[in-house]
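1. give the three-dimensional model of this entry:
(one chain, ligands or ions: 1)
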Amino acid sequence: MFTHAGSHITGHGTPAEAVELVDVDTPNPDPNEVRIRVEAVALNHLDVFARMGHPEDDGTFPKRSGCDIAGFVDSVGDDVDDDWIDEAVIVYPGVSCDDCEYCLNGEHTMCHEYEIIGEDRPGALPNTLSSQRGVLRRNQNR
Ligand SMILES: [Zn+2]
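-> Numbering: from 1, shown residues only. Got it, this is the predicted structure:
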């Protein structure tokens, strides 16, 4: 397993109190996922919510910021077509099961398994992310 530099939010507080630089395992994609070589991550107010807390915060730590992601697919899981490799992509940060009644009706945010990258799932800061294929969009602006 390879590692790369990352950062964790370890609890609620100021950046000096709650952000820690760490080595993060470089993920291998699960069968329905791709791994992205991240080129850009925007800061989002969600990053502040994750660090400062909010009413729906589940209180689990560490969290890893970075939900708005653009990059290139560098590895695919066994169930993903190889033609995604080297594709420029942007990532929609909401992840759902794609299989329940809500998802099949296009109401992904109502899914009981709905999670947000950067809060419920590890974000992309600083440079690598494993993400489900269902949240990727080909980047037409490269
Ligand atoms: Zn669902």
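2. could you pick out the longest helix of this structure?
-> Criterion DSSP state H: the longest helix present in the chain is helix 45-52.
3. how about stretch 38-45: buried residues?
-> Residues of stretch 38-45 classed as buried by neighbour count (16 or more other Cβ atoms under 10 Å): Val38, Val41, Asn44. (Glycine included, C-beta is placed from N, CA and C.)
4. do you know how far the closest residue to Gly13 other than its chain neighbours is from the ion?
-> Among residues not flanking Gly13 along the chain, Arg51 sits closest, at 7.1 Å (Cβ to Cβ, 6 or more residues apart in numbering). Distance of Arg51 to the ion, computed by Cβ to the ion, to the nearest Å: 28 Å.
5. any idea of the pLDDT on Arg51?
-> With respect to pLDDT, Arg51 has a value of 87.
6. same check on Met1?
-> 60.
7. cool, and the one 10 residues further on?
-> If you check Gly11, the pLDDT there is 91.
8. so after the helix or strand of the chain with the lowest mean pLDDT, what's the next helix or strand?
-> The weakest-scoring helix or strand in the chain, judged by mean pLDDT, DSSP states H and E, is strand 128-132 (a mean of 64). Helices and strands here follow DSSP states H and E; after strand 128-132, the next one along the chain is strand 136-138.
9. buried residues in that following strand?
-> For strand 136-138, by 16+ other Cβ under 10 Å, it's Leu136.
10. hang on, Cys53 packs against His12?
-> Check again: residue 53 is Gly, not Cys. Yes - if you go by Cβ atoms under 8 Å, Gly53 and His12 touch, sitting 4.5 Å apart.
11. tell me what Asp68 is bridged to.
-> Assessed by DSSP bridges, Asp68 has beta-bridge partners Ala42.
12. can you pull the contacts of it?
-> Neighbouring residues of Asp68 by Cβ atoms under 8 Å, 6 or more residues apart in numbering: Val41, Ala42, Asn44, Val91, Pro93.
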